[in-house]
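Student: coordinates for the following, if possible.
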Amino acid sequence: MDREKKKERHFDYVLLCLVILLVLFGLLFLYSTSAYNGRVKFHDAGYYFKKQLFATSLGLLGMYLVSCMDYHMLVRFAPFFYVVSLLLSLAVLLFGDEYNGSRRWLSLGPFSFQPSEFAKVAVILLLTCVIEKGKEQKQGMLQMAGTMALLLPIVGLVGTNNLSTAIIILGIGVILIFVSNPRYLPFVGIGVSGILFIGIFLSMASYRLERLAIWQNPEAYEKGFQTIQGLYAIGSGGIFGKGLGNSLQKLGFVPEAQNDMIFSIVCEETGLVGACLLILLFGLLIWRLMVIATHAKDLCGALIGAGIMGHMAMQVILNISVVTNTIPNTGITLPFVSYGGTSVLFLLGEMGLALSVSRYEEP
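Tutor: Next comes the predicted model:
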């Protein structure tokens with residue numbers, strides 16, 4: 001047998017079990033959190049749950065199909081995926097639907113989706129493709145800057161209405177370049193450039209600067225109501241919580257509780273214990289993605305695993321930080337738990353990619 005041929009093995013069942021647990025946890029708490037809003041707005045307590053269940057079912061099917069593919073084939077199509085993400089993001093600016101003051105959605109008949117979620121996956125694949133093709137070249141500052149420059153078009157389009165996702169995309173870029181480069185000093189320059197870039201974006205819209213002021217003193221602003229009510233929910237949960245379904249803050253006090261602020265309802269209903277268990281599940285998921293990246297057969301698999309791990313870690317940290325008012329409100333969802341069909345669909349697609357990487361090892 002040729003020793004250079006890749007050896008296929010079974011899925012990483014630890015990762016698969018963690019994903020299933022998070023999906024079930026998310027559906028359970030989504031129903032608990034959204035039943036009131038669904039009943040008031042649509043006269044159906046299960047309205048949000050049904051839509052999320054449908055998207056999750058599609059996502060699980062997609063996860064299985066992607067996990068059965070050779071990830072190298074997907075990387076070869078990375079430039080095409082990236083161009084599609086650019087076109088979709090441009091379409092959002094021109095024809096997108098506005099919701100709560102943000103234009104982030106495209107409608108296709110009865111369905112709507114957020115192209116920014118697809119952009120995250122496209123960026124992971126694109127950078128994997130670019131870095132792998134240039135692995136024989138010396139990775140100096142100019143090469144790293146050139147690689148990051150590839151992200152500027154999508155960051156500019158997405159960041160116009162969704163700064164938090166733009167920051168995540170930039171973060172994915174930094175993580176993948178860091179993983180592929182043994183030198184540390186150039187990342188100081190990249191970090192300074194990133195801070196300047198974010199500062200420019202913040203100054204381009206007054207509402208972003210207003211969010212900084214609300215973060216510092218939420219009681220002084222009407223828009224700080226959501227943050228204050230979320231903190232009330234966290235504090236009232238205590239150690240063991242009020243019990244599943246017994247939250248008071250979800251009854252209209254925390255606006256759109258099933259979205260970005262769902263972690264506060266988790267804290268209210270299950271207390272510190274439930275919140276820590278959920279964070280532990282996320283921590284184990286991130287650890288498993290790190291293991292997959294570390295034991296990947298080649299640089300391509302390692303970069304995909306690292307990119308998915310970085311995306312997951314950043315999104316979890318940003319969401320929980322916002323809910324606890326550690327950082328200003330950014331409008332980012334909690335993976336697998338917050339309501340959002342597009343989000344769960346592409347997150348499960350990423351998990352399929354990670355499972356695909358885990359199927360191969362050095363012979």
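
Student: going forward, measure contacts and count neighbours with C-alpha atoms only.
Tutor: Will do.

Student: start and end of stretch 68-78, how far apart?
Tutor: The stretch stretch 68-78 measures 18 Å between its terminal residues, going by CA to CA, to the nearest Å.

Student: who touches that stretch?
Tutor: Contacting residues not belonging to stretch 68-78 are listed as 122, 125-126, 128-129, 300-301, 353, 356-357 [CA atoms under 8 Å, 6 or more residues apart in numbering].

Student: same check, this time on stretch 47-63
Tutor: By CA under 8 Å, 6+ apart, stretch 47-63 touches 23, 27, 30-31, 34-35, 38-39, 339-342, 344-353.

Student: quick one on the thing from earlier: list just the nearest of the contacts of stretch 68-78 to residue 98.
Tutor: residue 122 (23.7 Å; CA to CA).

Student: what about the closest one, how many residues nearby?
Tutor: 25 (other CA atoms under 10 Å).

Student: residue 43 now?
Tutor: Residue 43 has 12 neighbouring residues, counting by other CA under 10 Å.

Student: now do the phi/psi pair for it.
Tutor: When read as degrees, to the nearest 10, the backbone of residue 43 gives phi 60, psi 30.

Student: give me the phi and psi for residue 296.
Tutor: phi -60, psi 150.

Student: so where do the strands sit in the stretch 251-363 of the chain?
Tutor: 360-361 (DSSP state E, counting those that start in this stretch).

Student: how close does the residue nearest the centre of the chain get to residue 308?
Tutor: With distances taken as CA atoms, centre = their mean, residue 315 lies nearest the centre of the chain, 4.6 Å away. Residue 315 sits 11 Å away from residue 308, going by CA to CA.

Student: do the same with residue 352
Tutor: Residue 352 is 11 Å from residue 308, by CA to CA.

Student: not counting sequence-adjacent ones, nearest residue to residue 155?
Tutor: Excluding the flanking residues, the one nearest residue 155 by CA to CA, 6 or more residues apart in numbering is residue 166, at 5.0 Å.

Student: so which elements touch the helix ranked longest in the chain?
Tutor: If you go by DSSP state H, the chain has its longest helix at helix 262-294. If you count contacts as 3 or more CA pairs under 8 Å, 6 or more residues apart in numbering; DSSP states H and E, helix 262-294 packs onto helix 13-42, helix 225-237, helix 299-323, helix 341-358.

Student: between the ones you listed, which gets nearest to residue 281?
Tutor: helix 13-42 (6.9 Å).

Student: what's the first helix or strand after the closest one?
Tutor: The element immediately downstream of helix 13-42 (helix or strand, assigned by DSSP states H and E) is helix 47-67.

Student: quick check: buried residues in that following helix?
Tutor: Across helix 47-67, burial judged by 16 or more other CA atoms under 10 Å covers 47-49, 52-53, 55-56, 58-64, 66-67.

Student: and which of these is nearest to residue 211?
Tutor: Among those, and counting by CA to CA, the member closest to residue 211 is residue 48, at 27.9 Å.

Student: any idea how far that closest one lies from residue 58?
Tutor: On the measure of CA to CA, residue 48 and residue 58 end up 16 Å apart.

Student: buried stuff in stretch 22-35?
Tutor: So for stretch 22-35, counting by 16+ other CA under 10 Å, buried means 22-24, 26-27, 29-35.

Student: thought residue 300 was touching residue 132?
Tutor: Yes - at 6.3 Å, residue 300 counts as touching residue 132 under the criterion of CA atoms under 8 Å.
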